[in-house]
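In: Following is a predicted model, sequence given first.
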There are 2 protein chains.
Amino acid sequence: MDISEANGRAAREAEDTSGRAAHEALAVVLQIRDSELCVLLWKRALPPHEGCWSLPGGRLRADESLGASIRRQLAQKVDVRDLSHLEQLETRSDPGRDPRRRTLATAYLGLVPAHVDPVVPDDTGWHPAADLPPMAFDHAAIVHSGRQRLRAKLSYTNVGFALAPPEFTMSELSGYYRAALGHDVAATNLRRVLLRRGQIEDTGRCVPSGRSGGRPAALFSFRERTLQITDAFAVLRPPSTSL
Amino acid sequence: MDISEANGRAAREAEDTSGRAAHEALAVVLQIRDSELCVLLWKRALPPHEGCWSLPGGRLRADESLGASIRRQLAQKVDVRDLSHLEQLETRSDPGRDPRRRTLATAYLGLVPAHVDPVVPDDTGWHPAADLPPMAFDHAAIVHSGRQRLRAKLSYTNVGFALAPPEFTMSELSGYYRAALGHDVAATNLRRVLLRRGQIEDTGRCVPSGRSGGRPAALFSFRERTLQITDAFAVLRPPSTSL
DNA sequence: CCAAAAGTGTTGGAAGTACACCCATGG
DNA sequence: CCATGGGTGTACTTCCAACACTTTTGG
């Protein structure tokens, strides 16, 4: 590196007021409510995008990681203990994404199991993820990314644990899968697939039949409550000799 | 470090209390070289981690997106036209990841096809991704993420297009897959899998046999040179009636 | 006994691996 | 004509969707 380049670099770093870009953490918090995949949104009271809905989150503080930041900020919206899973999604950096000032946003995907109904502030509510209200900034696109991520992971990980309550019947579980995937999932086959993969197990207990009769449904639970990849090499798996 | 940079740093750290951190873009640039998956690294001449190797990249400027930033900065290391694919990987935000000042890093995965040999600066070189030299900051972990991402995508997308030259024989291609996946891939089956999925096509041309004889190998090429998901629903696919 | 819901057995197809065999070329 | 490497055919396996059939309950 020659002198002029070194100077150029120093100058760049000094003038690098770009270092001033604000950074925020956002979360796409999804929950299956009433057989529908819903996302937690917050209604903006002030411009820009006044009256539009936006994702919960906000500024990153000086000494916290993004993960810690989104947990802290979500705590103002939902009880964080209700969050069964949280993972980083993507970082948005379009210079024009916030008209006020340059702001980068790192989005997280959060999941809340179906059986809880967290208390949320008045300006905050659940909306069908497939039919969003008018959204602020690029938040609609971020919700879309979150749905895609969940869809994909349902197929090769045990992420269902984060959508389902601790115990559930197979028809309930197939309902969660249907809501998240957007298509029918046969309970009878889902049971075999997840059992073979070792994701779920029969608790031995069951649920009494409803008023209209029917055989009582067995209760299942997920074996692990942390994300596991259960179906890694869908294709192109290593040769059997290497096992 | 010169005065202007010191001033810039002090200023930045002061305003850090207002929640602003520096942001950089980094890239895990992978290429198969000599049948081995390699990553482009740059040797640090200055502390911290003097003498250790780090990922190419640097500060985000005021008016560029992260994608534009990493392209600009990679241009100083390799001809960007050699990059056959670039995608966002993850954002690292541990407050202690850079001992000098708070810095967030968004990492990208870049791929360079096997046939080119970009000119790189003296302090920059290719290293086996499976056997990294001493690495600065959290860059070793980021390289690991990049390898994992490539591995996964080879199995359900056409990302092979970004590893292979425009035309290739099946044994060459299986070599790239072997290097990236870390296990043997039979050329004969790979051919059928990728043909069935419509990822590759026979160009009609072939390559003369080597000095030791053998049947001439047919030349193939990828149909698409942008990322396509070719094997979406590995499992839990929608019912056939919904097609 | 009938309706309803859950669970089991079975079939068939799709996708991939493994491997034997055939083909084309150079010496 | 033989060694070498590429290509084809095929058997076998795994995984899963589909669907008929059985089981267990409430009225």
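Out: Yep, that arrived. Numbering: from 1, shown residues only, chains lettered A, B, ... in the order given.
In: Which other helices and strands does the lengthiest helix in chain A contact?
Out: Ranked by number of residues, the top helix in chain A under DSSP state H is helix A:139-156. When contacts are defined as 3 or more CB pairs under 8 Å, 6 or more residues apart in numbering or on different chains; DSSP states H and E, helix A:139-156 packs onto strand A:22-33, strand A:36-43, strand A:85-92, strand A:103-112, helix A:170-181. For glycine as for every other residue, the C-beta is placed from the backbone atoms N, C-alpha and C.
In: beta partners for A:Cys206?
Out: A:Ala218 (DSSP bridges).
In: Contacts for stretch A:143-155, please.
Out: For stretch A:143-155, the external contacting residues (CB atoms under 8 Å, 6 or more residues apart in numbering or on different chains) are A:28, A:30, A:37, A:39, A:55, A:87, A:89-90, A:107, A:109, A:111, A:129-130, A:132, A:135, A:159-160, A:177, A:180-182, A:227, A:231, B:233-236.
In: coming back round to it: wait, which of the helices and strands packed on helix A:139-156 is closest to A:Glu50?
Out: strand A:36-43 (9.3 Å; CB to CB).
In: What angle do strand A:22-33 and the closest one make with each other?
Out: 140 degrees (axes from the mean of the first three to the mean of the last three CA atoms, to 10 degrees).
In: can strand A:36-43 be found next to chain B?
Out: No - on the criterion CB under 8 Å from any CB of the partner chain, strand A:36-43 is out of touch with chain B, staying 15.1 Å away.
In: any idea of the mean pLDDT for the longest helix of chain A?
Out: For helix A:139-156, mean pLDDT rounds to 94.
In: May I see the buried residues of stretch A:40-51?
Out: Of the residues in stretch A:40-51, A:40-44, A:49 count as buried by neighbour count, 16 or more other CB atoms under 10 Å in any protein chain shown.
In: Any chance of TSV for those, columns distance to B:Pro95 and pLDDT?
Out: Below are the buried residues of stretch A:40-51 laid out as TSV (distance: CB to CB, whole Å; pLDDT from 0 to 100):
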residue	distance to B:Pro95	pLDDT
A:Leu40	27	96
A:Leu41	29	96
A:Trp42	26	93
A:Lys43	32	94
A:Arg44	29	92
A:His49	31	89
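In: List just the nearest of these to A:Leu190.
Out: A:Leu40 (26.5 Å).
In: circling back to that earlier point, and the longest helix of chain A, how far out from the chain middle?
Out: 7 Å (CA atoms, centre = their mean, to the nearest Å).
In: That helix to strand A:103-112, inter-axis angle?
Out: Going by the same axes, to 10 degrees, helix A:139-156 makes 40 degrees with strand A:103-112.
In: do helix A:139-156 and DNA strand D meet?
Out: No - Helix A:139-156 stays out of contact with DNA strand D when judged by CB under 7 Å from any atom of the strand, the minimum separation being 8.2 Å.
In: Can you give me the domain assignment for chain A?
Out: Domain assignment for chain A by automatic domain parsing gives A:22-154, A:156-222.
In: interface residues of chain A facing DNA strand D?
Out: A:186, A:188-190, A:193, A:196-197, A:208-216, A:231.
In: List the residue ranges of chain A that fall below the pLDDT cut-off.
Out: A:1-20, A:232-243 (pLDDT under 70).
In: highest average neighbour count across the domains of chain A?
Out: domain A:22-154 (a mean of 18; mean count of other CB atoms under 10 Å in any protein chain shown).
In: Next one: the residue nearest the centre of chain A from chain B, what distance?
Out: Using CA atoms, centre = their mean, the residue of chain A that lies closest to the mean C-alpha position is A:Leu109, 2.6 Å off. If you measure A:Leu109 against chain B using CB to the nearest CB, to the nearest Å, the figure is 13 Å.
In: That residue and A:Gly146, how far apart?
Out: 5 Å (CB to CB, to the nearest Å).
In: now A:Trp42
Out: Counting by CB to CB, the gap from A:Trp42 to A:Gly146 is 15 Å.
In: Quick check: phi and psi on the closest residue to DNA strand C within chain A?
Out: Nearest to DNA strand C in chain A, going by CB to the nearest atom of the strand, is A:Gly214, at a distance of 2.4 Å. For A:Gly214, the backbone dihedrals (degrees, to the nearest 10) come out as phi 100, psi 150.
In: what's near enough to touch it?
Out: So A:Gly214 contacts nothing (CB under 8 Å, 6+ apart).
In: swap in the one 4 residues further on?
Out: For A:Ala218, the residues meeting the contact criterion (CB under 8 Å, 6+ apart) are A:169-170, A:202-203, A:205-206.
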